[in-house]
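In: Quick one, structure for this:
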Amino acid sequence: MLSSAHWLQYGSLAMSIIAGVAIITLRMKASNKPTNLRKIIIPPLGMSTGFLMFVVPQTHVPLLWALYALAAGVLLFAPPLIATSHFERIGEQIYLRRSRMFIYIIIGLFIVRIAMHDVVERHVSVMQTGALFFLLAFGMLVPWRLAMMLRYRQLLKNDVPSTSAST
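Out: Numbers count the residues shown, from 1 in each chain. So this is what the prediction gives:
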C-alpha cells in the first residue's frame with residue numbers, strides 16, 4: 001500500500017503532466033488568434049498572485065534556494081522561449097508565431113522540469129517543492145513575456161505610418 005507521501009508525489013506528477021499538456025494545447029491554439037498587449041501582460045500578472053502561497057509557513061524555503069530557482073527560470077528556461085516566439089502582422093492583426101522548434105522546446109523543458117522535480121522533492125517537502133517550482137516558472141514567464149511585449153511594441157512602432165507632412 002502506498003503512503004500518503006507517495007500519493008502526494010504521484011498526484012503532483014499527474015497534475016504536472018496534465019498542466020503541461022494543457023499549456024502546450026493552449027499555446028498552440030493561441031497562435032491561431034490575433035494577440036494584443038493585454039494578452040501578453042495578463043499571464044504574469046495573474047501568476048503573481050501565486051506569491052500568496054508564501055504566507056503559509058510550510059512553503060518557506062531558504063532565500064538562496066528561492067534566488068537559485070528564479071535564476072534557473074530566467075537564465076535556463078526563458079531564453080529558448082524568447083528565441084522561438086515571434087510576431088507577424090497579417091492585415092490589421094498581429095499574431096504570435098512560434099518556430100517549429102517551439103513545441104519540442106516546451107516538451108524538453110517539461111521533461112527537464114519533471115526530472116528536476118523528483119530530485120528536489122527528495123530533499124524538501126512537497127509544499128516547498130511547489131514553492132520552488134513556482135519561482136522557477138515565474139522566473140521563466142516574466143522575461144519571456146517582457147521580451148514578447150517589447151517585440152510587439154516594436155512591431156506596432158515600425159508599422160505605424162508617419163503622420164508628419166513634408167513642406
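
In: What pLDDT is listed against T163?
Out: Predicted confidence (pLDDT) for T163: 47.

In: Then V74?
Out: pLDDT, V74: 96.

In: what about the residue positioned nearest the centre of the chain, distance to S125?
Out: Central residue of the chain (Cα atoms, centre = their mean): L141, 3.6 Å from the mean position. Distance, L141 to S125, by Cβ to Cβ, to the nearest Å: 24 Å. Every C-beta, even on glycine, is put in place using the N, C-alpha and C of the backbone.

In: how about L136, what does it touch?
Out: Contacts for L136 (Cβ atoms under 8 Å, 6 or more residues apart in numbering) come out as 69-70, 72-73, 77, 113.

In: Which members of the residues you listed are the farthest-apart pair?
Out: Maximum pairwise distance among the contacts of L136 (Cβ to Cβ): 14.7 Å, between L70 and R113.

In: Report the distance from the lengthiest helix in the chain to the chain centre.
Out: Scanning the chain for the helix with the most residues, using DSSP state H, yields helix 126-159. Offset of helix 126-159 from its chain centre (Cα atoms, centre = their mean, to the nearest Å): 6 Å.

In: mind listing the strands in this protein by residue range?
Out: Assigned by DSSP state E, the chain shows strands spanning 34-35, 85-90, 93-98.

In: and the ones you listed as JSON lines, adding distance to M148?
Out: Below are these laid out as JSON lines (distance: least, Cβ to Cβ, whole Å):
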{"stretch": "strand 34-35", "distance to M148": "9"}
{"stretch": "strand 85-90", "distance to M148": "6"}
{"stretch": "strand 93-98", "distance to M148": "7"}
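
In: May I see the buried residues of stretch 88-95?
Out: Buried residues in stretch 88-95, defined by neighbour count with 16 or more other Cβ atoms under 10 Å: 94-95.
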